[in-house]
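A.B. asks: This is a predicted model, with the sequence first.
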2 protein chains.
Amino acid sequence: MNKLFDDLEQLKKKLLEMRSLVEAAIERSVRAVIHKDRAAAAEVLETESRINSIELEIDAMAIDLLALQQTMATSLRFIIAVLKINSDLERMGDISVNIAHAARSLMDAPSIQPTIDIPLMAGLVRSMVRKSLDAFVARDTALARSVLASDNDVDSLRTACFHRLVSFMEQDPRNVPQALHLLSVTRSLERLADHSTNIAEDVLYYVKGIDVRHNSGPDASWHE
Amino acid sequence: MNKLFDDLEQLKKKLLEMRSLVEAAIERSVRAVIHKDRAAAAEVLETESRINSIELEIDAMAIDLLALQQTMATSLRFIIAVLKINSDLERMGDISVNIAHAARSLMDAPSIQPTIDIPLMAGLVRSMVRKSLDAFVARDTALARSVLASDNDVDSLRTACFHRLVSFMEQDPRNVPQALHLLSVTRSLERLADHSTNIAEDVLYYVKGIDVRHNSGPDASWHE
């Protein structure tokens, strides 16, 4: 069983490496939008292939472990959680690439008022990402639940951004291309929040063995 | 082993039930947009909870099978493929809900020229969805590869729609809300194509035991 324990530790380490790369990609892509930072956008595009190859490594490690035929129920739940979180992280990497592309398209446009909500939204989303993964590492169900609770705030911010950007386009048709790129950034941020929510749900499944997905409202069955 | 064989058959049957629900949801959501069919949009919203609960059933069945400790390498690959395809199908169900919401917002707007590309794009996407799942059932790697090849066509159609919708907004700011809903439909269709591509890649992994993800171009290593 010591070998299994070591292998599970290796798997976790690899997932944390994946996590660092994806968090850095998100941070840089957001910085590229907010500060018109060309170098940051370029760095995101450069790390994409590294993220993709780590995803494959993690999947292969997890599947090898499942094939060992000697995993206990808890290890099994851990490995399944890693497989699911890994897939979410890879898609979050792709989303930060989308944000970096939008940042490039926005590079020469004048900064406009509606962007002021993007730093706020980005801050909230990055905190959700960090908390969902911290919750996994620390098996912290309270922290995982706080991620689920933040998802509505992100949705409200996104709706507010949407309405401001629509007015901005209606004011002057020349604003359309810039507003569309900013809309695409807010949509990407919302999708990052959705993936963090998925991860938080996987953490609750892993820690508690209770599937909390598709429950709605605070009275749902994942109460302690 | 007979029990295992039966359980795997049950798992496959359940996944095919999920597939039928999701394909129907996609078909109805697209019909709701193109033919302004209110009843079709309502049906999509009604099936969402059924899709969510089948996702959980399939996950639970797959994880129980993994816990049996007696699965062979091929069955293991099959179960992992089911877990991944299940997750893609559930997200495709969510995307058809988004399309149904856009359809509702478009219900009272006059039909505009740019919609003509949406039926074309939707037809291509639905064919990708169907082929990716047929490929899984028939273990047909050639069919799975044909799905990967179609993804670029969908991207081109989406780009063409995007440019037409931008001109439409620039012509007259009153077109902005309608154009944004149509843009959201094309983006959703593109995401459905991406999920079909994921499924096709999982089929190739399952059938061949070769991971084809993140390879680019026709010379990639998944050649027979």
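C.D. replies: Sure, I can see it.

A.B. asks: I figured A:L11 hits A:I79, correct?
C.D. replies: Yes: at 7.2 Å, A:L11 and A:I79 qualify as touching, with contact defined as CB atoms under 8 Å. C-beta: built from backbone N, CA, C; applies to glycine.

A.B. asks: what residues are shared contacts of those two?
C.D. replies: A:62, A:65 (CB atoms under 8 Å, 6 or more residues apart in numbering or on different chains).

A.B. asks: which non-adjacent residue is nearest A:F78?
C.D. replies: Leaving aside its sequence neighbours, A:F78 sits nearest to A:Y206 (CB to CB, 6 or more residues apart in numbering or on different chains; 6.1 Å).

A.B. asks: ok, which stretches of chain A are helices?
C.D. replies: All helices of chain A, identified by DSSP state H, fall at A:2-34, A:38-67, A:73-106, A:117-138, A:141-171, A:176-208.

A.B. asks: Enumerate the residues of chain A near chain B.
C.D. replies: Residues of chain A lying near chain B by CB under 8 Å from any CB of the partner chain: A:49, A:52-53, A:55-56, A:59-60, A:63, A:66-67, A:69-71, A:73, A:76-77, A:80, A:83-84, A:87, A:166, A:169-174, A:176-177, A:180, A:183, A:187, A:211, A:213-214.

A.B. asks: would JSON lines of the helices of chain A with mean neighbour count, distance to B:N152 and mean pLDDT be doable?
C.D. replies: Putting those into JSON lines (neighbours: other CB atoms under 10 Å in any protein chain shown; distance: least, CB to CB, whole Å; pLDDT from 0 to 100) gives the following:
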{"stretch": "helix A:2-34", "mean neighbour count": "18", "distance to B:N152": "24", "mean pLDDT": "94"}
{"stretch": "helix A:38-67", "mean neighbour count": "17", "distance to B:N152": "18", "mean pLDDT": "94"}
{"stretch": "helix A:73-106", "mean neighbour count": "21", "distance to B:N152": "16", "mean pLDDT": "93"}
{"stretch": "helix A:117-138", "mean neighbour count": "20", "distance to B:N152": "30", "mean pLDDT": "95"}
{"stretch": "helix A:141-171", "mean neighbour count": "18", "distance to B:N152": "29", "mean pLDDT": "93"}
{"stretch": "helix A:176-208", "mean neighbour count": "23", "distance to B:N152": "20", "mean pLDDT": "94"}
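
A.B. asks: A:C161 touches A:D117, doesn't it?
C.D. replies: Yes: assessed by CB under 8 Å, A:C161 is found in contact with A:D117 at 4.9 Å.

A.B. asks: excluding its backbone neighbours, what's nearest the residue nearest to the spatial centre of chain A?
C.D. replies: Centroid-nearest residue in chain A, with CA atoms, centre = their mean: A:L192, separated by 4.0 Å. Distances taken as CB to CB, 6+ apart place A:V125 nearest to A:L192, at 5.0 Å, with adjacent residues excluded.

A.B. asks: ok, now how distant is that neighbour from B:M169?
C.D. replies: Counting by CB to CB, to the nearest Å, the gap from A:V125 to B:M169 is 27 Å.

A.B. asks: Check A:I51 too.
C.D. replies: Distance from A:I51 to B:M169, by CB to CB: 34 Å.

A.B. asks: same check, this time on A:R19
C.D. replies: For A:R19 relative to B:M169 (CB to CB), the value is 39 Å.

A.B. asks: do the same with A:S29
C.D. replies: Noted for A:S29: a distance of 26 Å to B:M169, by CB to CB.

A.B. asks: Could you check how far stretch A:48-64 is from the centre of its chain?
C.D. replies: Taking the mean of its C-alpha atoms, stretch A:48-64 sits 17 Å from the chain's own mean (CA atoms, centre = their mean, to the nearest Å).

A.B. asks: Oops, could you answer that again for stretch A:37-57 instead?
C.D. replies: Between the centre of stretch A:37-57 and the centre of its chain there are 15 Å (CA atoms, centre = their mean).

A.B. asks: With stretch A:2-11 instead?
C.D. replies: Offset of stretch A:2-11 from its chain centre (CA atoms, centre = their mean): 26 Å.

A.B. asks: Next: stretch A:133-152.
C.D. replies: Using CA atoms, centre = their mean, the offset of stretch A:133-152 from its chain centre is 13 Å.

A.B. asks: got the end-to-end distance for that stretch?
C.D. replies: 19 Å (CA to CA, to the nearest Å).
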